[in-house]
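*Asks:* Provided below are the primary sequence and the corresponding predicted coordinates.
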Number of protein chains: 2
Amino acid sequence: MARTASLSGFPEWLPEERLVELHVLDTLRNVFELHGFGSIETRAVETVGQLLRKGEIDKEVYGLSRLQDDEADPDSAKAGKSDPHALALHFDLTVPFARYVVENAGYLAFPFRRYQIQKVWRGERPQEGRAREFTQADIDVVGDGELPFRYDVEIALVIAEALSALPIPDFRLRINNRKLAEGFYRGIGLDDTAGVLRSIDKLEKIGPAKVADLLKTELGASDEQAQLALKLAGIRTEDTTFVAQVRALGVTNDLLEEGLSELEQVIDAAVQRAPGKVVADLSIARGLDYYTGTVVETVLVGHEQLGSICSGGRYDALASKGNRKFPGVGLSIGVTRLVSRILSQDLAKASRSVPTAVLVALTNDDSWGAAQDVAAQLRSRGIATEVAAKAEKFGKQIKFADRRGIPFVWFTDDDGNHQVKDIRSGEQVVAFPELWTPPSEDLTVQVTTAAALPA
Amino acid sequence: MARTASLSGFPEWLPEERLVELHVLDTLRNVFELHGFGSIETRAVETVGQLLRKGEIDKEVYGLSRLQDDEADPDSAKAGKSDPHALALHFDLTVPFARYVVENAGYLAFPFRRYQIQKVWRGERPQEGRAREFTQADIDVVGDGELPFRYDVEIALVIAEALSALPIPDFRLRINNRKLAEGFYRGIGLDDTAGVLRSIDKLEKIGPAKVADLLKTELGASDEQAQLALKLAGIRTEDTTFVAQVRALGVTNDLLEEGLSELEQVIDAAVQRAPGKVVADLSIARGLDYYTGTVVETVLVGHEQLGSICSGGRYDALASKGNRKFPGVGLSIGVTRLVSRILSQDLAKASRSVPTAVLVALTNDDSWGAAQDVAAQLRSRGIATEVAAKAEKFGKQIKFADRRGIPFVWFTDDDGNHQVKDIRSGEQVVAFPELWTPPSEDLTVQVTTAAALPA
């Protein structure tokens, strides 16, 4: 675990670490599919024009160019902001997904539910919890023309269930609503709502006094307006009492009412169906992104400084085809950020570092074929099995299994009698290749949380 | 299936197509793990210096550069052959794997067995079977210092088993050995063995007459030498009779004998353990790559013009750390090439386009919570379930399920009585959320080959 990546910001896992990551990915996939989300993948590259379409994206993008460049090929133009057709690596999965939906609208059934688990790239300065190449696991639902608000509720509940199934500490989804915030700002007379959101987004970094300064100097807010905006951002409740707290601030606005009602529905459902996992947190802004309603960030309790491990929200205007709009809502889990933390703090462990449960030992060099027959019988019943490559002394073959972390070694004598040894306990028993099965905890690799590990 | 990629060379699948790809990936993973191969992933980028280290690599490489370039950051140097520290996307998984082994040698148990399923990128002109972004599925075994030849045999058998488990037409692994070929060329007095291999590699493209010309004009071969080289490349047997055919050419050389013995071992084992799947094909050369012994290409029978769907071999000198060598042997399946062909020719199909088996209908808008309770009970028993978002008329909710390809709709009346309808047959039965299970063929998505589909 003390290893550092040979290329800063591009983490790579050892085999036993990768097993923890695979467990996380398999668990997420299983929960997503049980909720009816289908898998898609989009290409790793988009055109620069597509990636920067929204203008305000603040992500650092990697451009591509072919080393053996061929001037006749338009795709190979040197990457640069100046050429919208140049190719670049995607920095998230939402923008490519929106493009995919628009391109394939004629082939999809709406509301379209998908999950997408892929690498993304951002050329930011690497630090703990922030890599240049990392895996995201996204779920989104996208409608054709309209998308009932109920999907905002559902997405939050699915993610709470998915995160609960992972070997990670307790977490909180911190949920806000852009309509609520923007309506409130308008209601107090601050019309540059994007500007206010941008300032409020800095609250955790620079504190309320400096945010108030920003609001006054950059947006011309009065002292009273700045204080009201900060009071709103200070509201945080585990139930729907935030509604009364906002109303107590005495601001009225139609958009504010709409936002209050939406956030109330999410929190109300979460209190019942995911108790303790969700808070209404009116400081959440989500920077420059494309969100228009519900916005979510997620913290690991006790690891708040790691940053959000799952973010997203409602976007009503990201995808459109002429007059046809495709509003969506989705959340994105930062898998690499989570797995890095699990590994660096030993929060979970794989029970062994190889899939192999059994090594079939060789009695002599000619027994390789017979050993492969034994292995094939075990594999046909789902038992991962390797065959030794050389007929070394049994002690050496057992040491080989031990070094690889394989729990069982299989022996066959010249008369075709079989025995299998648990090399941890030393226990050796007579066995039949068509019948013997390891205990279920040894059949496949188990990933367990530190709390569940024997002391 | 008539869709074309919106960016040439970067294919993307529709949800029902992706299910076929997922089935292929899951099947490969399962076979690999049953044989004791563990998963690793390497970063998508390598330094240009690393990728071009072997000098002769003929792959088209994509270089990276940050759009918002920061001169102080050495990683962000404009990509180019001139700067070995610049970053570029990997073009295969073998070169990154060799780098990973060298970097992590102290943490790995040798012989190290791993599988690796990832995207790779090559900036070549796209055509059928050749994409710019595609998925490879590799298995390799790497030793520390030495690697018994038996692993060459094992790798071929594992791949034959893996390919046999896929919904694809019959296939043939065409196997040769570089030692055999190089020893033979030396034995007839042609010492530029790499040059001869490069010419022989063009046999299928340009035919024997032109290859003979090349050998004579470019390598100074005599007519007799050229004819002998072509005779060797013409040998193709389904058993070990190639040995006698090579000997009949009357050439003697120690390296040739070593190669003959190695290839004989592979073919001998394959005849017994994977009958009909393997041929000794002495025309296989594998271009400019890093192979030193066994070399393999694989064709789909009846789809030979698609090119090789699985290639690789033995590489004794790819990875080293000072005096320490890590010889390896591995094969790489071209997943995207295979899946493209499966989809374009309807060789296999997913039984539905969504994971969802059941849609829980809403009787009225207030029943969403109760419907979620039903869904949770079904999911807890592994049944993928969605809940309707709106309490539309039942006919509309059934149509919604039909449009999404969901086979069952669940109804709960005001008294809490449940029924479930198979919307394909129209059959509707009383059901209990804690007991009901769909037939096994409807529980999860099935991917079946065209031959197995009902007429």
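*Replies:* Thanks, I have the structure now.
*Asks:* tally of neighbours for the closest residue to A:Leu108 other than its chain neighbours?
*Replies:* Distance criterion C-beta to C-beta, 6 or more residues apart in numbering or on different chains; nearest residue to A:Leu108, sequence neighbours excluded, is A:Val101 at 6.8 Å. In this view, the C-beta of every residue, glycine as well, is placed from N, C-alpha and C. A:Val101 sits with 24 neighbouring residues when counted by other C-beta atoms under 10 Å in any protein chain shown.
*Asks:* for A:Val101, helix, strand, or coil?
*Replies:* helix (DSSP: H, G, I helix; E, B strand; the rest coil).
*Asks:* For it, give me the pLDDT.
*Replies:* Note for A:Val101: predicted pLDDT of 96.
*Asks:* mind checking how far the residue nearest the centre of chain A is from B:Pro15?
*Replies:* In chain A, the centroid-proximal residue (C-alpha atoms, centre = their mean) is A:Ile333; its distance is 2.4 Å. Note on A:Ile333: its distance to B:Pro15, by C-beta to C-beta, to the nearest Å, is 20 Å.
*Asks:* One more: A:Val447?
*Replies:* 29 Å.
*Asks:* repeat for A:Asp192
*Replies:* For A:Asp192 relative to B:Pro15 (C-beta to C-beta), the value is 41 Å.
*Asks:* Of these two, give the one with the bigger neighbour count.
*Replies:* B:Pro15 (22 against 15).
*Asks:* Surely the more buried one and A:Leu108 touch.
*Replies:* Yes - taking C-beta atoms under 8 Å as the definition, B:Pro15 is a contact partner of A:Leu108 at 7.4 Å.
*Asks:* Within the helices and strands, which one has A:Ile398?
*Replies:* In this assignment (DSSP states H and E), A:Ile398 forms part of helix A:394-404.
*Asks:* For that helix, could you pull out the residues that count as buried?
*Replies:* A:397-398, A:400-401, A:404 (16 or more other C-beta atoms under 10 Å in any protein chain shown).
*Asks:* Strands of the stretch 201-350 of chain A, residue ranges please.
*Replies:* A:236-237, A:278-281, A:294-300, A:310-315, A:320-321, A:324-325, A:328-334, A:348-350 (DSSP state E, counting those that start in this stretch).
*Asks:* how about the third one against chain B, any contact?
*Replies:* Right, strand A:294-300. No - using C-beta under 8 Å from any C-beta of the partner chain, strand A:294-300 stays clear of chain B, coming no nearer than 14.9 Å.
*Asks:* One more: the second one?
*Replies:* No - if you take C-beta under 8 Å from any C-beta as the test, strand A:278-281 misses chain B, and the best it gets is 15.3 Å.
*Asks:* what does the last one give?
*Replies:* No - Strand A:348-350 stays out of contact with chain B when judged by C-beta under 8 Å from any C-beta, the minimum separation being 9.9 Å.
*Asks:* Give me the average confidence score over that strand.
*Replies:* pLDDT averaged over strand A:348-350 gives 95.
*Asks:* right, and the helix or strand after that strand?
*Replies:* Next element after strand A:348-350 (DSSP H and E): strand A:358-360.
*Asks:* Roughly how far does A:Phe110 sit from B:Phe400?
*Replies:* For A:Phe110, the distance to B:Phe400 - C-beta to C-beta - is 10 Å.
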